[in-house]
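Trainee: Quick one, fold the following:
(2 chains)
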Amino acid sequence: MTNGKNGRKSVLVVGGGIAGIQSSLDLANMGFKVYLVEKSPSIGGKMAQLDKTFPTNDCAMCILAPKMIEASSHDNIELMTYSEVEKVSGKLGEFKVQVRKKSSFVDWEKCTGCGVCLEGCPVIIPDAFDQSIGSRKAIYLYYPQAVPKKCVIDKREERPCKAACIDACPIHTNVPGYIKLVEQKQFKDAYKLIRETNPFPAVVGRVCYAPCEEACNRGQMDEPLCIRDLKRVPGDQWSVDDLEVPTVTKTGKKVAVVGAGPAGLTVANDLALKGHDVTVFEALPEPGGMLRVGIPEYRLPKAILRQEIGYIEKLGVEIKTGIQVGKDITLKQLKKDYDAIFLGVGTHGGMRLGVEGEDLPGVMEGIAFLRAASLGEKVGVGKKVAVIGGGNTAIDCACTARRLGAEEVTIVYRRSRAEMPAAAEEVEAAEKEGIRIEFLTNPVRFSAQNKKLAQMECVRMELGEPDESGRRRPIPVKGSEFTTPVDTVIAALGQTAETDFLKEQGVSLSKRGMIEVEAGTGATSVEGVFAGGDVVTGPAYVVDAIAAGKTAARSMDQYLNGQPLEAEKPAGEPEEFSKEEIEDRKKRFPAAKRVKMKEEPAKSRVADFREVTRGYSLEEGLEEASRCLAGQVEGCIECRECERRCEPDAIVYGMKDEVVELDVNAIIVATGLGLYDLSPLTEYGYGKIKNVITAMEFERLTAASGPTMGELRRASDGRIPENIAFIQCVGSRDLRNKAYCSSVCCMHSTKEAMLAFEHHPGTKSTIFYMDMRAVGKRFQEYIARAEKDYNVTYIRGRPGRIEVNPENGNPVIWYEETTTGEVKSFETEMVVLAQAMVPEIDETLAKALGIELDEEGFVKTEDKLRQPLDTTRPGVFACGFVHSPRDIPDSVTQASGAAGRAAEAISGGK
Amino acid sequence: MEEPRIGVFICHCGINIGAYVKVPDLVDYVQELPNVVYSERNLFTCSEEGVSAIKKAIKEHDLNRVVVASCTPRTHETLFRAACEEAGLNKYLFEFVNIRDQCSWVHMKEPEKATEKAGDLIRMGIAKARLLQPLEEIEIKVAPSAMVIGGGVVGMEAALNLAKQDFDVHLVEKEPELGGTLRSINMLFQTNQEAAKLVKTLAEQVKSHPRIKTHLSSKIKQVTGFIGNFEVKLDNKAGESEFSVGTIIVAVGAESLKPEGQYGYGKLANVVTQLELEEKMKKGEPAGQNVVMINCVGARVPERTYCSRICCMTAIKNASLIKEANPKAKVWVLHRDLMTYGVDFENHYRRAMELGVRFIRYSLDRPPEVIGEKKVEKLKVYHELWRREIELPCDTLVLTTPLIPSEDNKDISRMLKVSMDEFGFLLEAHLKLRPVEFAMDGVYICGSVRWPTDVTEGVSQAYAAAAKAAGPLRMGYVKAEAINAAVDEEACSGCGVCELLCSFQAIELQPKGDKRVSHVNEALCKGCGTCSAACPSGAISMHHFTDEQILAQVEALFS
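Mentor: From the prediction side, this is the model:
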């Protein structure tokens, strides 16, 4: 009758509460091999949820934790938490047990329980361990002192979409994550989550070209999410000014960033967070680069930009404006003074049209025009304005000119609408504002009257064969020339880099004057000098500049730490739904159109530079957020934020349950207790009256590690109750519910009354009871102490109903005082119900274990006198609450007793 | 002493330490400290990588001391000690420095100071590590036999359990017969079984078991020794006998209170205790037509504050039996709180009511009054629900009295060096988590000697105590704590303060030359340090926490 490789006899203990732990320790100390199976991620059971324990008022965790650690470090005990027994076959001495190890989606060999993952997880779930008073994340530690201290992902179903948004985004923004947080109204956390990869959430939430929306899988069903607009919501609903500044350990390394545009500021942000000292040099009088001087106010209010730049400054970044590197300070000097340099000077130069009359007053270059307008310089826009070009800059110039008082604004574009590089929605918005577009038209000459621009001669174009850009080449139509009167022309043809100052240091440039960098690191040809943004790629989008900044910052940190530069791994491609998937999702999720963000009407908005889009109202934002397919699942939405943060690389999304088979000689059942569902007991108003709570909820409220850090406050108004009533036998000793006595409530209620007094001396407690069952060692003395020292009054009587005083939310208890027969009412500030307890075992588990339960659902025992810890199956023993209603000392005694019985049964002695 | 060669491993604990404490700087810093020959940092020192780095460094750099600065010894000391051991280093040459719980976590907002403090803590750890000495955990052999004191049902079950685990058991009973209190009991309510039958079956099993040696009419004269080797001397008819055992279980039970003078007990003819009623019923004598029982006689009163736990059920059992035997009989139970906790007791209570037993609550302010001269005629009692006084006819008045501790407990307490509470029950090591153990190693407790118990609970406790007692017997040895107290006998003045303070009975004054000096029993010492702190002569030092080591730490702090 031996088992195991080393021939040692072994015992399975089911249930990792105090009873199961005690049985395991006793058996292990007798030299048996023990498998301790617990269904939750940690051992500790109900005792771990308690604040203190009667009758000595020891802190529950303080006396439990050493036992848990002893069990986890005992050579003879194998902890199997997050596991369940599925089947037991065989007989005493030779049981075969199937145990399902549930997938935690975390490699526990690697997980160190540090909890860094928890902070990033966007999914907030009521925490059952805290009786749902508090919340936890989808990835969680069962409780702070959990043993083993390992994280678990609460993943209940597959994410219904492919999160293509993340893959489509150049900076891999955790889109499902922040949308989930918005949906849960966690605006600050949403902002922080976006900020993990993007220091400009509010800015990008306004001006991004949003490739994510094109990729959004919901778009294949009905319409994609308004991902960009949702990104604005956190900043709109909460103030960035409230974002705290993290404490960072300084490295002492100095970094110079040239150019305070999105790329440069991203580098500054990221490196400041790594502890480096960053100084940003900006030629213009204000930071922001194109965000500041390229994007007009009505699209991106400067106040928003200032706020987000302001936060970067709070991180310790110094921005020196009005200093042009190459002129005011040389690059050579920077190289001397700083440990690393980032070049992000953008493309602020314009392009010439190359037509006659271009230098006439009244003809302006687009980029310069926008810059002057945004810096509040006088630009002198006439009544009739022509904007040359078809890109976003042209649109911005036209709309700006309109707002500066131009009566007639015409965009002149040499190709047709289909070829326009400007975003279609921008073009449409401009047209709404009364801006006309002349397609297939090109200026050929400007002429003046009285030395002032007066006329523009154009030629009509037609489209020929595609050119190297893939667009069809425009060809002038001979003889189609025409003249139109204009007083202002803005030529928005393109942008160039101004990089001459770099040549002296040997920074390698392309033919077009762009800086050449190593892909994936942003390193230039000069050691310690990095570059990114428009000056590398040519004019591109904000998010691309941020992406470049991130890449460079990463390499620069490596460089500053003396590590080799490691190129970024290419990201995954956005995936689409298959046809079957589209059909399936359409069935599962009702169609819902996107919530369009409201705009200022075209007529009124052109009067000034007010922001065109109004942002979502709270309701609109929540509604749109609720369309995100990823967020529609319970539990983990697989946004992979935890995976990004986990340093030991322990997250395993593809983990599967595992069924293991154990050979054991005996089994001990110690699954403990559950709490009786109070819904049939409507008379007490539980669930309806806020200040009526259960005893376990009370325990979590007073526990120092609980959801309120031990603050005992009532739910209705957050006040500290000075007057608390405890009601006994709620569901116990009640033929309608549980006929039996739960055995521990008289004592735990007395303890809780003492705790209330300890938290707030003077608190008055009243305990309504039927019989004060204080039968254990030192229990009577405990009751006497409660009355004498803790302001506790005992009233014999079973309350019939509880009402609420609508004025103050106080519960009002109606009861008969049985010692006098009077029916009375009693108003109090909080009611704590001593909820009946039930054995934590169901028919399925009983069947798997092959044991019978009695009428009340406790483990059945045949010979209660001589074999009180035996079950109906030889070799299977039981202890603790699942055996009979027991307090901790009795459960612990039974646990050792069951271990003794098991040892006897498998010893082979007679 | 060989020159210390210290290796220091500083853990980032991910960002838990690393984000606030400049770990790389500390690595450089400690290298400057005397005797540090190697230092490194790990993202997680507790990871497999970290642990193998420790083992590798011990071998490659010939380390003879290891310091890990990381989280907390509470969870990780065992792991790092094991790593040292696996690399061939005595595990007590390892020193733990807590720079997470006690440093980075509490100083997150002041990283500069956190780094400075971590440096201080590590420097102190290194200072101690320099002076660490290898220690060995001694193994004490355990004689594979046990003694059970008390031959009642609880003692017999404990003896049988151990015997069935193949250990020799000496069962010592002071009476000439096995069975204890149960010999006076009529029926047992859980199974409605005759107590005598249970006692008989059990006693037969005990007597016929080859592993159990029963000593009847025997009293313990002396117990010496400690866990693993207790020497026992018995006094009995045959004279004295001696044997040695590894562990001891105390199961001597309790006695029933005789409430002299209360409610006419001892004066009026028809007043009996429940135990006396049981004896009557056992003989088949009728209980009477009108039976009144009064609960809590002598219990839950100022002079005896405790509830004796089992009496309410005893009253309900006997009341039900009377009604079952004679449905026409009237039975009243006058009670205070009715302690029918759990499933079965509550069922029995309900069933008694169905049988027609009347339960009337009385309070201590208005106790029932006995009316009658030679015998009780009537009982006057205030009926709370009716809110008036009523009179109950009575031809037998049964007083439900508590179990009280036996006088013998004093001797046991003295001989086994175990504590007694203020009532005279013996005191367990911890009310909640060590209910069947004594603070004294190797001695265990079960049944009503600890606290009143019924048979079911007592038998569960018997198994529990047997499980505890079997642990050392099965292993064949106990490991003593290596971190223990050592006495400098020259310096010891023999004042005995240490003996008085030791919670584990590990210290004894022993004659040495012309004086008495303190002697530490290594088998019992838990290394708590109380004696060392208290010794006025500074004669006791703690291994692994010597004055020299602690002062070196203090000096390092202020250096």
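Trainee: C-alpha only now, for contacts and for neighbours.
Mentor: Fine.
Trainee: Show the residue spans covered by the strands in the stretch 351-500 of chain B.
Mentor: Taking DSSP state E, counting those that start in this stretch as the test, the strands found in the stretch 351-500 of chain B are B:358-361, B:369-371, B:378-383, B:388-393, B:396-399, B:403-405, B:443-445, B:477-479, B:485-487.
Trainee: Name every strand pairing with the fifth one and say which way it goes.
Mentor: As defined by DSSP bridges, the strand partners of strand B:396-399 come to strand B:271-273 (parallel), strand B:290-294 (parallel).
Trainee: Nearest spatial neighbour of A:K569, chain-adjacent residues omitted?
Mentor: A:G520 (7.7 Å; CA to CA, 6 or more residues apart in numbering or on different chains).
Trainee: actually A:G549, not the one I wrote
Mentor: A:A263 (4.4 Å).
Trainee: Please give the element, helix or strand, for the one you found.
Mentor: For A:A263, the host element (DSSP states H and E) is helix A:262-273.
Trainee: so who does A:M747 touch?
Mentor: Neighbouring residues of A:M747 by CA atoms under 8 Å, 6 or more residues apart in numbering or on different chains: A:54-55, A:773-774, A:779.
Trainee: Neighbour-wise, which one of these leads?
Mentor: Among those, A:A774 has the most neighbours (other CA atoms under 10 Å in any protein chain shown), with 27 neighbours.
Trainee: residue contacts, the closest residue to it other than its chain neighbours?
Mentor: In this structure, A:A774 finds its nearest non-sequential neighbour in A:Q780, 5.7 Å apart by CA to CA, 6+ apart. Counting by CA under 8 Å, 6+ apart, A:Q780 touches A:774, B:300, B:305-307.
Trainee: Now with 7 Å, please.
Mentor: By CA atoms under 7 Å, 6 or more residues apart in numbering or on different chains, A:Q780 lies in contact with A:774, B:305-307.
Trainee: And for A:I179?
Mentor: Per CA under 7 Å, 6+ apart, neighbours of A:I179: A:230, A:625.
Trainee: what do you get for A:R713?
Mentor: A:719-721.
Trainee: now, which of the residues you listed sits nearest B:S39?
Mentor: A:I720 (52.2 Å; CA to CA).
Trainee: ok, back up a step: is the residue nearest to A:K569 located within a strand, as I assumed?
Mentor: No. Per DSSP: H, G, I helix; E, B strand; the rest coil, A:G520 lies outside any strand segment and is coil.
Trainee: how about it, what does it touch?
Mentor: A:551, A:567-568 are the contacts of A:G520 under CA under 7 Å, 6+ apart.
Trainee: Give me the neighbour count for residue 322.
Mentor: With no chain named, the answer covers chain A. Neighbours around A:G322, by other CA under 10 Å: 14.
Trainee: my bad, chain B
Mentor: B:I322: 23 neighbours (other CA under 10 Å).
Trainee: likewise B:K141?
Mentor: B:K141 has 17 neighbouring residues, counting by other CA under 10 Å.
Trainee: I'd like to know how far it sits from B:L473.
Mentor: According to CA to CA, to the nearest Å, B:K141 and B:L473 sit 9 Å apart.
Trainee: likewise B:R361?
Mentor: Relative to B:L473, and taking CA to CA, B:R361 is found at 50 Å.
Trainee: Kindly report the same for A:I133.
Mentor: For A:I133 relative to B:L473 (CA to CA), the value is 48 Å.
Trainee: Compare these two (neighbour count), which wins?
Mentor: Higher neighbour count among A:I133 and B:L473: B:L473, with 27 against 17, using other CA under 10 Å.
Trainee: In this structure that one contacts B:P144, no?
Mentor: Yes. Between B:L473 and B:P144 a contact is recorded at 5.0 Å, counting by CA atoms under 7 Å.
Trainee: circling back to that earlier point, mean pLDDT and mean neighbour count added to the strands paired with strand B:396-399, as a markdown table?
Mentor: As requested, those are exported to a markdown table (pLDDT from 0 to 100; neighbours: other CA atoms under 10 Å in any protein chain shown):
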| stretch | mean pLDDT | mean neighbour count |
| --- | --- | --- |
| strand B:271-273 | 97 | 23 |
| strand B:290-294 | 98 | 23 |
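Trainee: Tell me which of those approaches A:G897 most closely.
Mentor: Closest approach to A:G897 among the strands paired with strand B:396-399 (CA to CA): strand B:271-273, 32.0 Å.
Trainee: What distance do you get for the closest residue to chain A within chain B to A:L12?
Mentor: Closest to chain A within chain B is B:A464: 3.5 Å, counting by CA to the nearest CA. The gap separating B:A464 from A:L12 is 18 Å, by CA to CA.
Trainee: Which of these two has more residues huddled nearby?
Mentor: Neighbour comparison, B:A464 and A:L12: the larger count goes to B:A464, with 32 against 27 (by other CA under 10 Å).
Trainee: sorry, back to before: and which of the contacts of A:R713 is nearest chain B?
Mentor: Nearest to chain B out of these is A:I720 (CA to the nearest CA; 28.2 Å).
Trainee: for that closest one, phi and psi?
Mentor: With angles defined as degrees, to the nearest 10, A:I720 sits at phi -80, psi 120.
Trainee: Please tell me I have it right and it contacts A:L712.
Mentor: Yes. In terms of CA under 7 Å, A:I720 counts as a neighbour of A:L712; the distance is 6.2 Å.
Trainee: Give me the more crowded residue out of those two.
Mentor: The residue with more neighbours, out of A:I720 and A:L712, is A:L712; 21 against 17, by other CA under 10 Å.
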